[in-house]
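**Q** Turn this into a model:
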Amino acid sequence: MARQKYGNIRSGSYASKAESKRAGELKMLVLAKEVTELVDHPKFEIIPKSKHGRALYYTADFSYVDYYGKKIVEDVKPKRVRKNGKLMPAIQSRDFPLRLRLFKERYGEEYTIRIIEK
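**A** Sure, this is the predicted structure:
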């Protein structure tokens, strides 16, 4: 098994064991009819194609519609990652805050974002 950028181990088509576990939980909720329209790795356009370049996308871990009809987008993140020798919250790593902000600007009213820290 190959380790990923932050040391997590791929599990099937998922980037980590935590993401794979969450996928299993969501699939059970689908069977219980608590959620519908479950999509693995949905892709959302956050910046359209323009004269300045190609369209840019945000790929979440999951999207679904909950029991109350709310559209949910989930991203599974580790609680902490090591960056430049320091431990920091994963949601502050790399470009995630920028992608999250762009997503909220474009889809904020339509979707609710849940960040699952495992």
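**Q** low-scoring stretches of the protein, by residue?
**A** 1-12, 79-94 (pLDDT under 70).
**Q** Give me the most central residue, it.
**A** residue 75 (2.5 Å; Cα atoms, centre = their mean).
**Q** what's near enough to touch it?
**A** Residues in contact with residue 75 (Cβ atoms under 8 Å, 6 or more residues apart in numbering) are 60-61, 96, 113-116. Using the backbone N, CA and C atoms, a C-beta is placed for each residue, glycine as well.
**Q** now do 10 Å
**A** 19, 22, 58-62, 90-91, 96, 99-100, 103, 113-117 (Cβ atoms under 10 Å, 6 or more residues apart in numbering).
**Q** element containing it, please.
**A** strand 71-77 (DSSP states H and E).
**Q** picking up where we left off before, sort out for me which of the contacts of residue 75 are in helices.
**A** 19, 22, 96, 99-100, 103 (DSSP state H).
**Q** related to what we said a few turns ago, show the buried residues in the contacts of residue 75.
**A** 19, 22, 58, 60-62, 90, 99-100, 103 (16 or more other Cβ atoms under 10 Å).
**Q** out of those residues, which one sits closest to residue 28?
**A** Residue 28 has its nearest neighbour among these in residue 22, at 10.7 Å by Cβ to Cβ.
**Q** The closest one is in contact with residue 76, isn't it?
**A** Yes. Between residue 22 and residue 76 there is a contact at 5.1 Å, judged by Cβ atoms under 10 Å.
**Q** quick one: common contacting residues for the two?
**A** In contact with both residue 22 and residue 76: 14, 16, 61-62, 116, 118, using Cβ under 10 Å, 6+ apart.
**Q** export those residues to a markdown table and tack on distance to residue 44?
**A** Formatted as a markdown table, these follow (distance: Cβ to Cβ, whole Å):
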| residue | distance to residue 44 |
| --- | --- |
| 14 | 19 |
| 16 | 21 |
| 61 | 12 |
| 62 | 12 |
| 116 | 18 |
| 118 | 22 |
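**Q** of all those, which comes closest to residue 30?
**A** Of those, the one sitting nearest to residue 30 (Cβ to Cβ) turns out to be residue 62, at 10.9 Å.
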